[in-house]
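**Q** please work out how this folds:
(chains A and B)
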Amino acid sequence: MTSTKCKVESGIQLLARLTKKTGIQRFYPTIFGNGPNLGEFIEIYSEESTACLLAEFICESLISNELGGPESSVIVFNTDGKLTLDYLINIAKSKILKLSNDNTHKSSTNNINVLLNSILKKMFIVDIYESTQFYITIQNLDFFLIKNPNISLIIFDTLTAFYWDEQDLQKVTKMDLYIKKLLRMIQKVVKDFKVTVIYSRPEYFSTNKEPIENLEPCCEKPVIEQINYRIQIVYNDNGQNHINVRTYDKQFQKAFNIINDEIIWM
Amino acid sequence: MNKLQEHVYLTETILRILKQNRIITILDFLQEDAEKLSTLTKLNLSQILEIRQAIFNKHSANLIIGSTLFVNNITTKKFILTGINSLDTTLVSGIPVGLITEICGLAGSGKSQLCMQLAINFVKESNNIVLYIDTKGDFSAVRIQKILEAHGLSHKDMAVILLKIRVVYIWNIEELIRLLENIKKGVLKIENLSMIIIDSLPCLMFQHFGDNNNMGLTFLNRVINYSRYLSKEFQIGFIFVNIQTRWIDQDITDPEDTESACSIKDLTYNEKRTRCLGKYWKTIPALVIELEKLKLETNSCVTIKVLVTHHINPSAIKSCFINVSAQGVI
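**A** Residues are numbered from 1 along each chain as shown, chains lettered A, B, ... in the order given. Here you go, the predicted model:
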């Protein structure tokens, strides 16, 4: 007898499955090689700011196919407030200018503004100022993703902005557990959509005295409460900064400078 | 997290049933399966979805398209000039609007002097209003008057400037939170508000030092949340004054490590400075202006070295010098 069992899916799951989406694989080979894959989670941490790398990822993922980019859409959960639009525009403009010259496009001001405008149409920003708003907006993410099916990348800058506000006299949640709880919540909401999630956390934000890199290793495939890439940004006084990238099977270092607020890889 | 409240469909009885099933907050309600909620409450699915939508409408942030922000961004003010030439050059355009700035330095390094001068410069020749939150009780209207007198301003002009600097005395962090909340909610309306200066934050935070329950950090988080909101939505600059502490680090060089080994270990003393308020605060300001009083001092003028660090590139520290004299900070 053949089995009569069939898989039941919700309307959201069906919609998510049928939606054609721009992937962001190979969008930043310097760090991700052939990845990141949809469904993967990437953690960025630093003792200082993570804004330069986040801005780099956001702008790179928005670059149009015409200029060799993935042309995906991005949602930025702006809880930290330091990732300003002016900063993102400057980075995006610089990238467009470079790629236009490389692709022998006319890089007239008009052309650049048209390309910039098309990029900005694919960027969505959610400014969040308090804890309740943060959680409810995460729950509302599925609505945003259904309404804007081209979104392939979700950025949380940062995941820990409301941690202390939520602690009370009776109970303090451990920092690592707090991150895991949030990851579980986000993963539950976005699991049916094909998206990659990048979030930032300050380097001090860890329960253990052990450095963050010694916490649970990265996973090969998306797993609940786990991450697939862990990137540490290290700034040096001499300007020779670097990142440490860790995945399930490898780790490497990449040096960079910041010139005119933009990352230049060495 | 906000608790579930009575709604057209959520009667007292239904709320009690939900509570018995550990569905207490609006987040618990949103995270629960709609069918299970329907079974528990005997409401139909469309009513459950209606309640969910009401929660989203009230509490969820809006998704704003970058191109819309870009259009609005063209007309918004991005910086406020400090009016101190060397500082404006180093900061490129002045104090950023929509972001948090920290002014820090050792005790007596000129932080309050700089803040008072900034307050004067922000309101002079404009309709701007500055809210000066004094937590130490040392805001000196007399000092401001003397600076203005030194610039040859008439009493009428001085009065106009002093009217545009609103001073509030705050003695604990709960009061500060209430003040910021009132501004956010429009209970306290200040027309043309362009800058809020809090001089100084550690005075309020030190009251919670040693708390095992971390209440100080909870309060600090709330202050920061309000500050972010006000700076962004009201398009104002936000300056927090912080202090630095210094300590001596004694590095002892091991004779075996050096080529010219000597019998007595060399002692090297390094002065180290730390910004107060801890690791959490360290990641908050977008711009840090550090003041260092130089030992070169004449009777009429004190020179201060200013180090400026922007969060985008923390390894690039710019510097300049400012002078404090009877004429204020120039």
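**Q** ok, which stretches of the stretch 1-150 of chain A are strands?
**A** Listed from the start of the chain, the stretch 1-150 of chain A has strands (DSSP state E, counting those that start in this stretch) covering A:41-46, A:73-78, A:123-127.
**Q** centre of the chain versus stretch B:13-31, how much separation?
**A** With C-alpha atoms, centre = their mean, to the nearest Å as the basis, the distance from the averaged C-alpha position of stretch B:13-31 to the chain average is 37 Å.
**Q** if we go by neighbour counts, what in stretch B:77-88 is buried?
**A** Neighbour counts over stretch B:77-88 (16 or more other C-beta atoms under 10 Å in any protein chain shown) mark B:79-84, B:87-88 as buried. From N, CA and C alone the C-beta is placed, and that goes for glycine too.
**Q** so which of the residues you listed are in strands?
**A** B:79-80 (DSSP state E).
**Q** quick check: the closest residue to B:Gln327 other than its chain neighbours vs B:Val329, distance?
**A** The spatial neighbour of B:Gln327 that comes closest, neighbours along the chain excluded (C-beta to C-beta, 6 or more residues apart in numbering or on different chains), is B:Ala150 at 4.3 Å. In this structure, B:Ala150 and B:Val329 are 12 Å apart, going by C-beta to C-beta, to the nearest Å.
**Q** now swap in B:Trp247 and tell me
**A** Between B:Trp247 and B:Val329 the computed distance is 28 Å (C-beta to C-beta).
**Q** count of neighbours near A:Lys95?
**A** Counted with other C-beta atoms under 10 Å in any protein chain shown, the neighbours of A:Lys95 add up to 21.
**Q** now do the same contact list for it.
**A** Taking C-beta atoms under 8 Å, 6 or more residues apart in numbering or on different chains as the contact definition, A:Lys95 lies against A:59-60, A:63.
**Q** ok so, going back, okay if I get the strands of the stretch 1-150 of chain A as JSON lines plus mean neighbour count and distance to chain B?
**A** Supplementary listing: these in JSON lines, determined by neighbours: other C-beta atoms under 10 Å in any protein chain shown; distance: least, C-beta to the nearest C-beta, whole Å:
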{"stretch": "strand A:41-46", "mean neighbour count": "23", "distance to chain B": "9"}
{"stretch": "strand A:73-78", "mean neighbour count": "24", "distance to chain B": "7"}
{"stretch": "strand A:123-127", "mean neighbour count": "23", "distance to chain B": "3"}
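**Q** domain parsing for chain B?
**A** By the assignment in automatic domain parsing, chain B contains the domains B:12-59, B:73-245+B:273-329.
**Q** does A:Leu182 touch A:Leu159 like I think?
**A** Yes. With the criterion set as C-beta atoms under 8 Å, A:Leu182 and A:Leu159 qualify as a contacting pair; they are 5.5 Å apart.
**Q** check what pLDDT the nearest residue to B:Met215 once chain neighbours are set aside gets.
**A** In space, not counting the residues next to it along the chain, B:Met215 is nearest to B:His208; the distance is 5.6 Å by C-beta to C-beta, 6+ apart. In the predicted model, B:His208 carries a pLDDT score of 84.
**Q** neighbours around residue 67, how many?
**A** Just so you know, I chose chain A. For A:Leu67, the tally of surrounding residues (other C-beta under 10 Å) stands at 17.
**Q** wrong one, chain B
**A** B:Ser67 has 15 neighbours, counted by other C-beta under 10 Å.
**Q** name the surrounding residues that touch the helix or strand hosting it.
**A** Here B:Ser67 sits within helix B:66-75, counting by DSSP states H and E. Residues from elsewhere that reach helix B:66-75, judged by C-beta under 8 Å, 6+ apart: A:85-86, A:88-89, A:117, A:119-125.
**Q** switch to 6 Å and redo it
**A** Taking C-beta atoms under 6 Å, 6 or more residues apart in numbering or on different chains as the criterion, the residues outside helix B:66-75 that touch it are A:85, A:117, A:120-121, A:123.
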